[in-house]
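Engineer: Return a 3D structure for these sequence lines:
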Amino acid sequence: MRLSVMLEPQEGLSYDQILAVAQRAEQVGLAGLYRSDHYSSVAARVGLPSTDAWATLAGLARETSRITLGTMVTPVTFRPAGNLAKVVATVAEMAGTPDGQPRVHLGLGTGWLETEHRQHGFPFEDLATRFRRLDEHLTVIRGLWDAERQPFDFDGQFVSVSEAQFAPTPSPRPRIIVGGTGRRKTPRLAARSADELNTVFQSPQGCREMREAMDAACDDQGRDPASLPLTLMTGCIVGASAADYRARAERLHARVGSGDLATWLTDLRDTWIIGAPEEAADRLGRLADAGVTGVLLQHQAPDDLDMLDAVMEDVAPRL
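Structural biologist: So this is what the prediction gives:
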């Protein structure tokens, strides 16, 4: 199972803080670092600094050498398809391909945080319309990145492209990930246009149901289900020991929790990776049994770099 770290920089993180996590993740052997693509606080906290996702990933591409880098997920409402295709391809060139595989992963979704759309002048239509926009983005970006389809033409509801000559086409192409939780439209889009489907905060049973929906969507598209992996983004509190876990849980509860600590942790148990090494590894194992091939561990206390050590030194060897 691939283990990566996930950050939420819209909650006040600076580039230097993101860089510190990325470099520690690479040092301890995590597979990748992903970040959200938001301009405003998801927790509705006012006045927090935020950074642009793809600008920071460009910096990380030059200041790391191995880990994969990506968004989870970029809203298609933020950037025109042609602009996004060029930005991501440029970051991929900056990142290089040390093992012949793409280091840059483009996670795409419909966008959902209405407040940041209003605040920054982005379009925010109803969900069905945003799904159609996502479908067009996937089609256009894949077309622009395909050297055999140049010049590329497309005429859709949201995007019109005429005789596009995209150069250089990225090789290898950045990995395209569709993110979402729905069991109908999301698997269908992923089966048609993505290299991976990422879902969020799901129990093992929820992941098993998503895997079944993905398999059915692949069958409808004539695609081998094994060619479309399922990954999960979820919260994480682990420690090198029971005492280390307890101390870390208390600190995070004081920072982002609600109610009393015991009730808060009980509410997280179905979906988060939490506990001392044996318990955390057991949770990851149950996800693997449900068809999950990679987990993005949302790190809500990114100044606590030691938790990354605990993940790789104490939890991962037990998988």
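
Engineer: Could you grab the helix/strand/coil label for Thr90?
Structural biologist: Three-state call for Thr90 (DSSP: H, G, I helix; E, B strand; the rest coil): helix.

Engineer: what does Arg45 give?
Structural biologist: For Arg45, the assignment made with three-state DSSP gives coil.

Engineer: Show the contacting residues for it.
Structural biologist: Taking C-beta atoms under 8 Å, 6 or more residues apart in numbering, we find Arg45 in contact with 11-12. Placement of C-beta: from N, CA and C, glycine included.

Engineer: Show the model's pLDDT score for it.
Structural biologist: If you check Arg45, the pLDDT there is 88.

Engineer: What distance do you get for it to Ala191?
Structural biologist: Computed as C-beta to C-beta, to the nearest Å, the Arg45 to Ala191 distance reads 37 Å.

Engineer: Give me the neighbour count for Val76.
Structural biologist: The tally of other residues near Val76 (other C-beta atoms under 10 Å) stands at 27.

Engineer: do you know how far it is from Asp270?
Structural biologist: The spacing between Val76 and Asp270, counted by C-beta to C-beta, is 30 Å.

Engineer: One more: Ser227?
Structural biologist: Taking C-beta to C-beta as the criterion, Ser227 is separated from Asp270 by 29 Å.

Engineer: Kindly report the same for Val295.
Structural biologist: To Asp270, Val295 is 15 Å away according to C-beta to C-beta.

Engineer: More neighbours: these two, which one.
Structural biologist: Comparing Val295 with Asp270 by other C-beta under 10 Å, the one with more neighbours is Val295, at 24 against 13.

Engineer: pLDDT value on the more buried one, please?
Structural biologist: Looking at Val295, its pLDDT is 98.

Engineer: part of a strand, is it?
Structural biologist: Yes: checked against three-state DSSP, Val295 lies within a strand.

Engineer: Beta-bridge partners for it, please?
Structural biologist: Here Val295 sits in beta bridges with Leu3, Leu232, as judged by DSSP bridges.

Engineer: wait, it sits on Leu284?
Structural biologist: Yes: checked against C-beta atoms under 8 Å, the pair Val295 and Leu284 is within contact range at 6.3 Å.

Engineer: quick one: the strands in the protein?
Structural biologist: For the chain, the strands defined by DSSP state E cover 2-7, 32-35, 68-71, 74-75, 104-109, 152-155, 160-164, 175-179, 196-200, 230-238, 273-275, 292-298.

Engineer: what sits in contact with each of Val295 and Leu284?
Structural biologist: Joint contacts of Val295 and Leu284 (C-beta under 8 Å, 6+ apart) are 1, 3, 273.

Engineer: and Met312, what does it touch?
Structural biologist: Listed by C-beta under 8 Å, 6+ apart, the contact set of Met312 reads 3, 28-30.
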